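Undergrad: I'll drop the sequence and a predicted model, then ask my questions.
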Amino acid sequence: MADPPVIFKRTKSKPSQRGRIAASDADVAPTTGTDADAEESPSEVAAKLKKKTRAKTRSTLSFGGDEEEGDGEVFKLKKSNVSKKVSLRKDAPGVAPAPFEPPITQRSTGPTYDAAYLNELKASTPSARPPMPPEETVSYEADVSMDLDATAHVSALTGLTSEAAPEPVIPSASSILAAKEKRERLRAAKATGEEDYISLSLTKRDDYSKGPHPESRLVREEDELGDADDEYAEYTSAKERVALGKKSRKLEARRRREEMNEMIVDAEEEDEETREWEQAQLRRGGLRPESVEPAPKPVYKPAPIPSVTPIPTMGAAMARLTQSMSELTMSHAEHSAAMSKLGEEQRLLEQREKEMREMIAKAEEKRSWFSAFRDWIESVATFLDEKFPQLEKLEEDHISIIRERAEMIAQRRKAEDEDDLSLFFGIPPQLQPKPDEVDELGRVVPSANPAASRADRTSAREARRLRRRAANQQAAKQREEEEGYSTDASLPPADAEDYRAAMGKLMVDAREIMADVKAEEFRDPNLGLAKWFGEWRAKFDDIYRGAWGGLGMVSAWEFWVRLEILGWNPLERPRSLDSFNWYNALYKYSRPPTNEEDDDEDEPELGPDGDLVSAMVSTALIPHFCRLLESGALDPYSATDVRRLVDLAEQVEASGVERQSLKFELLLKSVHAVFAAAVAATEASLAPFLELNQPRFDPAAIPARRRFLMRMYKLLRNLLQWRRYAGDKYGLGTLATRLVKSSMLPVAETGWEVGGEEIMRKVAQALPTELVPPALQGLLRST
């Protein structure tokens, strides 16, 4: 069994005491008489001294600890397994006590130092430590089980004392002399104040105050450097609190159990370094031999003799070298091929990496450019959303002005035709003057007087004819021909002034659309649309073609084109298309310059978009022209308008618009509609007079009939002139035959001898043979 753990007791502070502690009477008793000397043996005296020494060493403190035994909590030191085994070896049963320890008797007598006792004590004192028995079989390793059989354990320990104690060794005189000299040197060094060791403390003990009694070994509590409670608080539980409540006591007991479990776990854990240190301490203490097992004696082993190797021949060596050379050559070829392959792969990877980097750079450039382009297009869309309604409103105003002017001229022409027809056909009932209307008070309601209105129109016509004659001094024959040939499409001075004022206001409003625009790229499409779409075509041509970028630019440019031609009537103010700014800009954009050095005389080739001028004409101009023609811009009785219309159609065709295209067909259809409306209006005016047909003698009837027929002849000639350009589209020939048959021939027959035959012969000569009506041919043959 191991020794009980050493216990440190918590002591309370006591009043300071100074002086030496006297020996207890119980421990040392005075000897009286010779009987005591005779009764006590030397072994009894030695045992008594040993007991006294053990009793004095119970407490290591300088003040009495016997008086307060049992007070305070105890602290148990943790011992390792090896130290427990050492203590087990010392206190195990079966180990014989030292020879010089006699049995302790209960008598308390003083020591007797006689010669016999001293000799016995000297003989029993060992001069060197006993060696370990070689046959020791007890193991002190940490992993020895503590559950060994008690009998086997006792028998193993009993074997340790089986041998006799060795003979004591008496030191020689030289060793005693050397020990004395050493003590003298130490005493001398201490007297001089020198120390034979290096202190770990920065200060010496002599530096501190030794108090009023320096020769005393007792130290007062106030002279100590620190309080014992503070220094050993971790071991004396000075900082622990006393648990008073039931719950707190349970918590305290639980905490202690946990600490004990931790200490047990820490005691069971033992690392290799600690085990080695303990084994070294055991060897230093003589409890473990330096080498339990002797080193094995080396045994001589002779070197093996190699077997006999035959001398190689030249042929075998050459064959082996040749084979090695071929293998090296093949290996070199394979390695070279692998290196070349790896080099090629590396080159391809580098090329691929370069291409990927270029693709990434191009993709990033494309992304950034298209992001900026999208932002700019959105700004253009916002601009057009704001400006397009204003432009369309002004275009409607222009159409209304032209329609009003055409209606004024048509009303006046219709009134003049009715006046001429009434002179030789009579006045139909719907044109005769109505009786005066009277209101409920009997007053006459004023109404238009047909006779007065007719006289006013006649005088106004004569005045206009005189102004034209004064402005154009021509031959009398030409003036006579103009007498009936003139259609008189001019407005009265007041109406003409109003028309000019309305057109002027329209142009001012057109300039006001762009008055608030300050950015040049929005004022001039060359700086905005042409720039951005040109960059798109130059940088990303494939995407530009796939997205039909040219047509997209034409759609966006349409606003500026319609704004530039706003208020322009091509039949009133003729102007070539190439004189407009948009025409030149689109013409240059459609023919981008190339890097090759071309001659200045050669025209640049068309780009991938084709001719964008024709696209713009088809998209913006032709629909605008059709609306103008149908609203009255074209006067079918005006040879000048028809001639300018033909020139305009030729320019449209020259710009790239094919005659078979749908847009050009729309233009031809609009012109046909204008001529058809004029023929229908003539037939509607002539129908009531033909139904009446009551000719009367009137000297003014002959010139009136001639004027009517000459107006119809002029309409026929304009129709035939347009037919020669446009062809027989939409039945232009049939429309000409219908005009002659239904409007001209009935009027000419009423005055065939007084000018009708002459005019109809001109009509027959102007008409193609296939368009001459059979009735006209019969009349001409009969005469």
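TA: Sure, I can see it.
Undergrad: If you average the pLDDT over the helix of greatest length in the chain, what comes out?
TA: Assignment by DSSP state H gives helix 314-425 as the longest helix of the chain. Averaging pLDDT along helix 314-425 gives 92.
Undergrad: Tell me how many other residues surround Met710.
TA: Met710 has 20 neighbouring residues, counting by other Cβ atoms under 10 Å. C-betas here are computed from N, CA, C, even on glycine.
Undergrad: Determine the number of other residues adjacent to the closest residue in space to Gly607 that isn't next to it in sequence.
TA: Take Gly607 and drop its neighbours on the chain: the residue closest to it by Cβ to Cβ, 6 or more residues apart in numbering is Pro592, 4.9 Å away. Applying other Cβ under 10 Å, we find 15 residues neighbouring Pro592.
Undergrad: For Pro592, give me its contacts.
TA: Taking Cβ atoms under 8 Å, 6 or more residues apart in numbering, we find Pro592 in contact with 534, 537-538, 604, 607.
Undergrad: residue ranges with poor pLDDT in the stretch 151-300 of the chain?
TA: For the stretch 151-300 of the chain, the stretches flagged by pLDDT under 70 are 151-169, 190-239, 270, 287-295.
Undergrad: Can you list the neighbours in contact with stretch 643-658?
TA: Taking Cβ under 8 Å, 6+ apart as the rule, stretch 643-658 contacts 570-571, 574, 576-577, 611, 613-614, 617-618, 621-622, 625, 629, 634, 659, 663-664, 667, 671, 721-722, 725-726.
Undergrad: wait, stretch 356-374
TA: Here stretch 356-374 makes contact (Cβ under 8 Å, 6+ apart) with 532, 535-536, 539-540.
Undergrad: hmm, 6 Å instead?
TA: By Cβ atoms under 6 Å, 6 or more residues apart in numbering, the list of residues contacting stretch 356-374 from outside is empty.
Undergrad: Got the phi and psi for Asp728?
TA: Backbone torsions for Asp728, taken as degrees, to the nearest 10, come to phi -80, psi 60.
Undergrad: Please renumber the chain so that the first residue is 52 from this point on.
TA: Sure, I'll start counting at 52 from here, so that last one is Asp779.
Undergrad: How is Tyr640 assigned, secondary-structure-wise?
TA: helix (DSSP: H, G, I helix; E, B strand; the rest coil).
Undergrad: wouldn't it be in contact with Trp583 here?
TA: No. If you go by Cβ atoms under 6 Å, Tyr640 and Trp583 don't touch, sitting 11.6 Å apart.
Undergrad: Run a quick neighbour tally on Leu472.
TA: Neighbours of Leu472 (other Cβ under 10 Å): 24.
Undergrad: Does the residue lying closest to it once chain neighbours are set aside lie in a helix or a strand, and which?
TA: Nearest residue to Leu472 in three dimensions, chain neighbours excluded: Phe740, at 4.5 Å (Cβ to Cβ, 6+ apart). Phe740 belongs to helix 713-743 when assigned by DSSP states H and E.
Undergrad: average pLDDT across that helix?
TA: For helix 713-743, the mean pLDDT works out to 91.
Undergrad: Same check on stretch 776-795?
TA: 90.
Undergrad: List the contacts of that stretch.
TA: 697, 719, 723, 730, 733-734, 737, 763, 767, 770-771, 774, 814, 822, 824.
Undergrad: List only buried entries from the residues you listed.
TA: Among the contacts of stretch 776-795, the ones that count as buried by 16 or more other Cβ atoms under 10 Å are 697, 719, 723, 730, 733, 737, 763, 767, 770-771, 774, 814, 822, 824.
Undergrad: Show the low-confidence segments of the stretch 452-601 of the chain, by residue range.
TA: 481-540.
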